[in-house]
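*Asks:* Turn this into a structure:
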Amino acid sequence: MMRTLLAFFLCAAALLAGDNTGRRAPGFALPDSTMKVYDLADYRGKLVILEFMQTDCPHCQGFAPVLNEIKAKYGDKVAVLSVTNSQHDNATQVAQFVATYKVAHPILFDAGQMQYSYVLKLTFDNPYVCLIDGNGIIQNDFNYNAFTAGLFELKGLSAEIDRILNANASPVPKRL
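*Replies:* Numbering: from 1, shown residues only. Predicted coordinates for the structure are as follows:
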């Protein structure tokens, strides 16, 4: 029984830790629907939540308010960027999504190449999230599934953000 439980937790941990953890986040410069370009390099020093989504994905729809709450909770410490595939979603669909779910962060358009450089797979489930630290290193990545569903809720995502922010905090200098 104990071995089975241990094996279960090890498998769950392996599923939670994405394939990209620890590697430098690929650079990008992508437009939103107004053609304003967002460059990952502009967010150095901040934790970036990079979400790959689709406007008709029910999990993405449920995650949008969570991302709004995260941005409100962490302010300038965290940047939120969503990316949709321009072959699937267009500016009208994104505008409707933004209005319906009161999205307070940019939604960028990609033709698929940038997504592939992050996910390293041709197909994946949405939403897919990468947490990129202030130094441009992917600290965690995960897509929505039964094992990761808690990370798509405020409490679970906040705990992961706190873990990353605390790990990257400067140590307090020792007094001599």
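*Asks:* For the helix or strand where residue 140 lies, which strands pair with it and how are they oriented?
*Replies:* For residue 140, the host element (DSSP states H and E) is strand 138-143. Here strand 138-143 has these sheet partners by DSSP bridges: strand 128-132 (antiparallel).
*Asks:* Need the mean per-residue confidence for the strand it pairs with.
*Replies:* The average pLDDT for strand 128-132 rounds to 97.
*Asks:* could you give me the average pLDDT of the strand holding residue 140?
*Replies:* Averaged across strand 138-143, the pLDDT comes to 94.
*Asks:* buried ones in that strand?
*Replies:* Neighbour-count burial for strand 138-143 flags 138, 139, 140, 141, 142, 143 (criterion: 16 or more other C-beta atoms under 10 Å). All C-beta atoms are positioned from the backbone trio N, CA, C, and that covers glycine.
*Asks:* In TSV: those, plus distance to residue 39.
*Replies:* As requested, the buried residues of strand 138-143 are exported to TSV (distance: C-beta to C-beta, whole Å):
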residue	distance to residue 39
138	17
139	20
140	22
141	20
142	24
143	24
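*Asks:* what's the farthest-apart pair in these?
*Replies:* 139 and 143 (15.8 Å; C-beta to C-beta).
*Asks:* What is the biggest helix by length in the chain packed up against?
*Replies:* Secondary structure of the chain per DSSP state H: the longest helix is helix 58-74. Using 3 or more C-beta pairs under 8 Å, 6 or more residues apart in numbering; DSSP states H and E, the elements in contact with helix 58-74 are strand 47-53, strand 78-85, helix 91-101, helix 154-167.
*Asks:* Go again with 10 Å.
*Replies:* Packing contacts for helix 58-74, counted by 3 or more C-beta pairs under 10 Å, 6 or more residues apart in numbering; DSSP states H and E, involve strand 47-53, strand 78-85, helix 91-101, strand 128-132, helix 154-167.
*Asks:* show me the contacts for residue 91.
*Replies:* When contacts are counted by C-beta atoms under 10 Å, 6 or more residues apart in numbering, residue 91 touches 32, 33, 34, 35, 107, 109.
*Asks:* could those residues go into a markdown table alongside pLDDT, neighbour count and secondary structure?
*Replies:* Below are the contacts of residue 91 laid out as a markdown table (pLDDT from 0 to 100; neighbours: other C-beta atoms under 10 Å; DSSP: H, G, I helix; E, B strand; the rest coil):
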| residue | pLDDT | neighbour count | secondary structure |
| --- | --- | --- | --- |
| 32 | 94 | 18 | coil |
| 33 | 91 | 18 | coil |
| 34 | 92 | 7 | coil |
| 35 | 94 | 8 | coil |
| 107 | 97 | 25 | strand |
| 109 | 96 | 19 | strand |
